[in-house]
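Trainee: Mind folding the following:
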Amino acid sequence: MTTQKERTILVTGAAQGIGYAIAESFINNGDFVAILDLNLEAAESAAARLGTAKGYKVDVANEDNVKSVIDQIISERGTVNVLVNNAGLQHISPVEDFPLEKWNLLIDVILTGTFLMTKHVLPTMKKQQKGRIINISSAHGRVPDAYKSAYCAAKYGQVGFTQVTALETAQDGITCNTIMPGPVRTELIEKQLPKLAEQDGTTVEVALNHHILGKQWMKRLLEPSEIGATAVFLASDGAAAITGEGIGVTGGI
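Mentor: Below you'll find the model as predicted:
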């Protein structure tokens, strides 16, 4: 996929779920992955399972913390080749009942976190005149869903931020793209379903079909590894001319 082996890859929210699968895909490609997560114990455990990896604690919404961790990784590894902004979370509530603290938390982690991580890897990528930035948005970055106002706002925001970053870095050997996953078999989905069912006054099975699979053509949950494979491709030499794009990996939506 690429001519450069054991690149340094940063993946946020990589201790579990889609982030873990992305990290695993890069390691299988011959790369080293910095597992970045708010939970250091989980990050270190994931790194130990994956092998060619190291766990780091980072609060992606805290600029001082972000800069410190990136500086540490550059000191240890010499550079950063690829950044994958994956950290995220969910809260389900109608707009009129949506708690402000939950709104701020989702925006901080998903959108501000993407901004801060990108801001602090760009100087190194520009210096080496090569880099890949991949933002994990969502199908809800282009298709809304009820009760997910903060999540959709943040994911739509990631798409716009991706395009601006791609435009600003297009002549620096850097690409910036968004992956927009559809319904993926993760703990996040599993935790959403009872809350969605409660909001609708239905069953978990009905909520799965209505909110998760109802609009999807393939009618199946995607595997996290399918998102990982797409990230590896976007970071490869073969994707050098792909920038500012939103790549849907949705099963059809």
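
Trainee: Residue 146 in helix, strand or coil?
Mentor: At residue 146 the chain is in coil, as set by DSSP: H, G, I helix; E, B strand; the rest coil.

Trainee: any idea of the pLDDT on the residue at the greatest distance from the centre of the chain?
Mentor: Relative to the centre of the chain, and counting by C-alpha atoms, centre = their mean, the farthest-placed residue is residue 201 at 31.1 Å. Per-residue confidence at residue 201 stands at 92 (pLDDT).

Trainee: again with residue 185
Mentor: 84.

Trainee: so what's it closest to, chain neighbours aside?
Mentor: Leaving aside its chain neighbours, residue 185 sits nearest to residue 221 (4.2 Å; criterion: C-beta to C-beta, 6 or more residues apart in numbering). Where you see a C-beta, it was placed from the backbone N, CA and C, and this is true even at glycine.

Trainee: need the contact list for that neighbour.
Mentor: 183, 184, 185, 189, 212, 213 (C-beta atoms under 8 Å, 6 or more residues apart in numbering).

Trainee: could you dump stretch 180-199 to PDB, C-alpha only?
Mentor: Extracted in PDB, the C-alpha atoms of stretch 180-199 (Å, rounded to 0.1, in the frame of the first residue of the first chain):
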ATOM      1  CA  MET A 180     -18.000   8.600   7.000                       C
ATOM      2  CA  PRO A 181     -18.900   5.200   8.500                       C
ATOM      3  CA  GLY A 182     -22.400   3.800   8.500                       C
ATOM      4  CA  PRO A 183     -23.600   1.500  11.200                       C
ATOM      5  CA  VAL A 184     -20.600  -0.300  12.700                       C
ATOM      6  CA  ARG A 185     -20.700  -3.300  15.100                       C
ATOM      7  CA  THR A 186     -19.300  -1.400  18.100                       C
ATOM      8  CA  GLU A 187     -20.200  -0.900  21.800                       C
ATOM      9  CA  LEU A 188     -21.300   2.600  20.900                       C
ATOM     10  CA  ILE A 189     -24.100   1.200  18.700                       C
ATOM     11  CA  GLU A 190     -25.100  -1.300  21.300                       C
ATOM     12  CA  LYS A 191     -25.400   1.400  24.000                       C
ATOM     13  CA  GLN A 192     -27.500   3.600  21.700                       C
ATOM     14  CA  LEU A 193     -30.200   1.100  21.000                       C
ATOM     15  CA  PRO A 194     -32.000   0.900  24.400                       C
ATOM     16  CA  LYS A 195     -32.000   4.700  24.600                       C
ATOM     17  CA  LEU A 196     -33.400   5.100  21.000                       C
ATOM     18  CA  ALA A 197     -36.000   2.400  21.800                       C
ATOM     19  CA  GLU A 198     -37.100   4.300  24.900                       C
ATOM     20  CA  GLN A 199     -37.300   7.600  23.100                       C
END
